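Colleague: Got a predicted model here, sequence first, then my questions.
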Amino acid sequence: MDAENLAQDIPSSIQHVVVMCDGTPGGDRALRLANAISQSTGASVRAVTWLPVGYALDGDAPIENFLASVTRQLYRVTTMVGFWRLELLTGRIDHRLAQLCLQEAAALLIVPCAAAESLASRWTLTTGIPVACVRGKTSRCGEQVILCTRADARSQRRAHFMAAIVTAAHTMSRVSADRYTRRPCPYVQVQAVPMLPAYFVGAHSSSNNLSLTAS
């Protein structure tokens, strides 16, 4: 099914998306993808962020400065900031992120490559939904999405359906057809994540969360 035909069916195919914000220009790619999917399907977007490991807590108002960078990122990417609810996750975020995706009935979690590529496989297992890791341009490929999913057949089918939606949204968000150049590799690559021992998947520590409003 091509992107144009798929676009006719997308509005009822995905309703909720969670996207992680890191406040960096490179991380904008993840938010742009979430924005494109929202514009194409009408899906709601829940934005989350967390203090990166090793984040410096010296200087004046370091947490406030970090959150300000995330707010600026939201304004760079979307004109619908008021509809993107932002939540700060603290502590070890795996369990809290899984809870949030469940509460939101999220069909897709989108993460920036630089901030979370090494965690995408683990989050696929803990959340139970596909995790899209948005990579920057490379010499071999243009911008690319690695879509991690569980290895079972049901998860594989869901992931390939999400891959079609992501591709359609990405194609429709381009400025014009004549600026599209065929990529040497697919825009979306689906990667299966083998199941890990239950004790590892379920391991987590309690964490608190703080709901915010971007302004």
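Modeller: In hand now; what should we look at?

Colleague: rest of the way, CA atoms for contacts and neighbours
Modeller: Noted.

Colleague: Tell me where this structure has helices.
Modeller: Assigned by DSSP state H, the chain shows helices spanning 3-7, 28-41, 62-77, 94-103, 113-127, 153-172, 198-201.

Colleague: and residue 45, what does it touch?
Modeller: Residue 45 makes contact with 16-19, 34-35, 38, 83-85, according to Cα atoms under 8 Å, 6 or more residues apart in numbering.

Colleague: could you redo the last one with a cut-off of 6 Å?
Modeller: 17-18, 84 (Cα atoms under 6 Å, 6 or more residues apart in numbering).

Colleague: Let's see if you can find the most crowded of the residues you listed.
Modeller: When neighbours are counted by other Cα atoms under 10 Å, residue 18 leads the contacts of residue 45 with 26 neighbours.

Colleague: Spit out the contact partners of it.
Modeller: 45-47, 109.

Colleague: For it, name its beta-bridge partners.
Modeller: Residue 18 forms beta bridges with residue 46, residue 109, as assigned by DSSP bridges.

Colleague: any idea how far it lies from residue 144?
Modeller: In this view, residue 18 and residue 144 are 19 Å apart by Cα to Cα, to the nearest Å.

Colleague: again with residue 127
Modeller: Relative to residue 144, and taking Cα to Cα, residue 127 is found at 22 Å.

Colleague: Residue 41 now?
Modeller: Distance of residue 41 to residue 144, given as Cα to Cα: 21 Å.

Colleague: for residue 30, same thing?
Modeller: 11 Å.

Colleague: neighbour-wise, which of these two wins?
Modeller: Counted by other Cα under 10 Å, residue 30 and residue 144 do not tie: residue 30 has more neighbours, with 25 against 21.

Colleague: Surely the more buried one touches residue 109?
Modeller: No: using Cα atoms under 6 Å, residue 30 makes no contact with residue 109, being 9.9 Å away.

Colleague: OK, contacts around residue 149?
Modeller: So residue 149 contacts 124, 130, 192-193 (Cα under 6 Å, 6+ apart).

Colleague: and with 10 Å instead?
Modeller: Each residue near residue 149 by Cα atoms under 10 Å, 6 or more residues apart in numbering is listed here: 120-125, 128-132, 155-160, 190-194.

Colleague: filter these to the buried ones?
Modeller: For the contacts of residue 149, a burial check counting by 16 or more other Cα atoms under 10 Å picks out 120-125, 128-132, 155-156, 158-160, 190-193.

Colleague: Give me the mean pLDDT for stretch 159-168.
Modeller: The pLDDT scores in stretch 159-168 average 88.
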